[in-house]
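Asks: the sequence isn't on hand, but the structure is:
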């Protein structure tokens, strides 16, 4: 069932983005035995028993189980999760895959969404085999490479003059006016069901980290990781989730103090007012977590380090390493800690700037 | 040990590209128990016990275990292996990963290679963390996106006027003159040790296919698949390897009859005279296999089909689907067969033409 994160009201598992009270929704299911319910796949289908879809239609480009690699970073065991190795080049495919499966179950064939790039790219790619028409609202400052790809994927592009929040509003308006399903990943509870599988994989691959540093804009990955580890806790696998660190782009902070200087590189998390902010605050409180803000220069430096380690990612992915350096320097993260750093978006999409 | 594919002479497992007689080399090892020797990783390290490296240095960007997805193609069960989901955007990372590990063991810190794009990109990316200087010989008609990436990865680029065979010759000359290690993936026996893991994964994921359709230029994937399945045979897992189908680019055939019309899209397999030709012929003979040639128009049509299935690949990857259509039409592959189609290179690298 779906449960409202604000008033607690429950709904059946259909496509629904908000509670009647306006609150955001999450999927809630019974506890399971984790290892007893793994399926013998070596891709995301491995976790189908924990996902709210029937399996009648599963999109062909199944997300991969991505490598988790441990490297020493100034005395810290940094666990890099290469989640940029997905079919459309970002972790978003996990959420999209489940969402498309759900849309097909519900017989929905035309959708509306808004995105700075990766979520749109993912949804456009997965809509194709499903025969779903995707209206995608983007701002004019989306990167040309991503727009070019979107066009070649046959998406119906709607350009909006304004920031991410304006684009979001326009998309919601259009969907309401046209009577179409709005599937913003910011609100869609099924999207988070997809991203929670990162936690399951990490747990299988390297066990329980002490900290998780996640790039945090709308919170789809941050909350997915939190939900995944909480489910592992409920299944009796772990005593408590890791400490969550929300890493944000300077100038666009929603959890940290808002900085006057804008980070123009980490465009994937330039979301100053995300609708799931309350849930993110709860996650930080419950795990004794914190927020770290990263600027342009720090992002660039981290991006360069990652490239030299062989991780070809886009700038948004680099903020977590910059944040780790800061937390090591301030002593917030102690030597010997195990820190998960999900790398979220591929650098192959970029013809410049890496 | 290494064994010459021509005269049978053996050598210790050092970096060596040819036998004294000029023949190409392959790694040969004792038989093992397959399932008893899998390591508990969910990435390529799972197969380390079958690979000729010690494990003292393993490059951080470990190749993923890529999804294998079954789709119906005109009554055939087509098993698409999404091997383009690798750190540099192609299956080549499997061969590179092992090669770099081997180079580090041998203390080699400066290398020479030639490539139409993907192998170079892969080697440049993996050379960075290892601190290896990579001299890469390319022809002027390599795609601009790949050249741009190579430059940003700090490769020492050497441009050659001529076709792939000319580039190959120039690289070999340079290496000899400068006394540097030449690690062409066309000859390097360790590269094939990496690509053979595709066979291991497929066997774990979907069992034994009836046919394998592999894009075949220099034969690094084709021979890797053959070697992987032959090792599974020797380990007692399967009765015999699948029937191998070499899929080639028209105008560049080495196994099929040479066509006058050139396929200008499938640049990854435009290799008219590969050094491992004899081995490929043996593989076709031993498995009762055949060769299929694919032209531009067929490549384009298959590429479009793949995109609409959600597989964002580069043109070279599409030839296998075009070949499957042909073999179904001629009745060569019968209804109900299980056919493996490895998809080898990512389409994200291309800003145009998909």
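Replies: Cool, got the structure. This one's a predicted model, so the numbers in the text were calculated from it and none came from an experiment.
Asks: what residues does the stretch 101-250 of chain A have near chain B?
Replies: A:125, A:126, A:128, A:129, A:145, A:148, A:149, A:152, A:153, A:201, A:204, A:205 (CB under 8 Å from any CB of the partner chain). The C-beta positions use only the backbone N, C-alpha and C, and glycine is treated the same way.
Asks: just the buried members of these?
Replies: A:125, A:126, A:128, A:129, A:145, A:148, A:149, A:152, A:153, A:201, A:204, A:205 (16 or more other CB atoms under 10 Å in any protein chain shown).
Asks: could you report the pLDDT at residue A:165?
Replies: For residue A:165, the model assigns a pLDDT of 83.
Asks: coming back round to it: greatest separation within the buried ones among the residues of the stretch 101-250 of chain A next to chain B: which pair is it?
Replies: A:148 and A:204 (36.7 Å; CB to CB).
Asks: still on that earlier bit, for the buried ones among the residues of the stretch 101-250 of chain A next to chain B, point out the one with the lowest pLDDT.
Replies: Within these, pLDDT is lowest for residue A:145, at 78.
Asks: that one contacts residue A:347, correct?
Replies: No: judged on CB atoms under 8 Å, residue A:145 makes no contact with residue A:347 at a distance of 10.7 Å.
Asks: check which helix or strand covers the residue of the stretch 201-350 of chain A found nearest chain B.
Replies: Per CB to the nearest CB, the residue of the stretch 201-350 of chain A with the smallest distance to chain B is residue A:310, at 3.7 Å. Taking DSSP states H and E as the definition, residue A:310 sits outside all helices and strands.
Asks: tell me how many other residues surround it.
Replies: A count of nearby residues for residue A:310, using other CB atoms under 10 Å in any protein chain shown, gives 27.
Asks: need phi/psi at it.
Replies: Phi and psi for residue A:310, reported as degrees, to the nearest 10, are phi 100, psi 10.
Asks: residue A:313 now?
Replies: phi -120, psi 170.
Asks: same deal with residue A:211?
Replies: According to degrees, to the nearest 10, residue A:211 has phi -130, psi 150.
Asks: list the contacts of it.
Replies: Residue A:211 is in contact with A:242, A:243, A:244, A:245, A:333, A:337, A:338, A:339, A:340, counting by CB atoms under 8 Å, 6 or more residues apart in numbering or on different chains.
Asks: so which of those belong to strands?
Replies: A:243, A:244, A:245, A:338, A:339, A:340 (DSSP state E).
Asks: so who does the last one touch?
Replies: Each residue near residue A:340 by CB under 8 Å, 6+ apart is listed here: A:79, A:81, A:202, A:206, A:209, A:211, A:212, A:213, A:225, A:242.
Asks: the second one contacts residue A:342, doesn't it?
Replies: Yes: Residue A:81 sits in contact with residue A:342 when judged by CB under 8 Å, with a separation of 4.5 Å.
Asks: and for those two, which residues touch both?
Replies: residue A:198.
Asks: where in chain A is pLDDT low?
Replies: Filtered on pLDDT under 70, chain A yields the residue ranges A:116, A:350-354.
Asks: how about the strands in it?
Replies: A:2-4, A:10-11, A:25-27, A:68-73, A:76-82, A:110-114, A:133-139, A:156-160, A:181-182, A:211-215, A:243-249, A:290-294, A:338-343.
Asks: what would those look like in TSV with distance to residue A:48?
Replies: As requested, the strands of chain A are arranged in TSV below (distance: least, CB to CB, whole Å):
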stretch	distance to residue A:48
strand A:2-4	19
strand A:10-11	22
strand A:25-27	14
strand A:68-73	21
strand A:76-82	20
strand A:110-114	23
strand A:133-139	24
strand A:156-160	31
strand A:181-182	23
strand A:211-215	24
strand A:243-249	26
strand A:290-294	34
strand A:338-343	21
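Asks: which stretch among those comes nearest residue B:136?
Replies: That would be strand A:76-82 among these, by CB to CB, at 23.9 Å.
Asks: other SSEs contacting the closest one?
Replies: strand A:68-73, helix A:197-206, helix A:315-329, strand A:338-343 (3 or more CB pairs under 8 Å, 6 or more residues apart in numbering or on different chains; DSSP states H and E).
Asks: adjacent strands (with direction) for that strand?
Replies: strand A:68-73 (antiparallel), strand A:338-343 (parallel) (DSSP bridges).
Asks: how about these, which one is nearest residue B:65?
Replies: Here strand A:68-73 is closest among these (CB to CB), at 12.1 Å.
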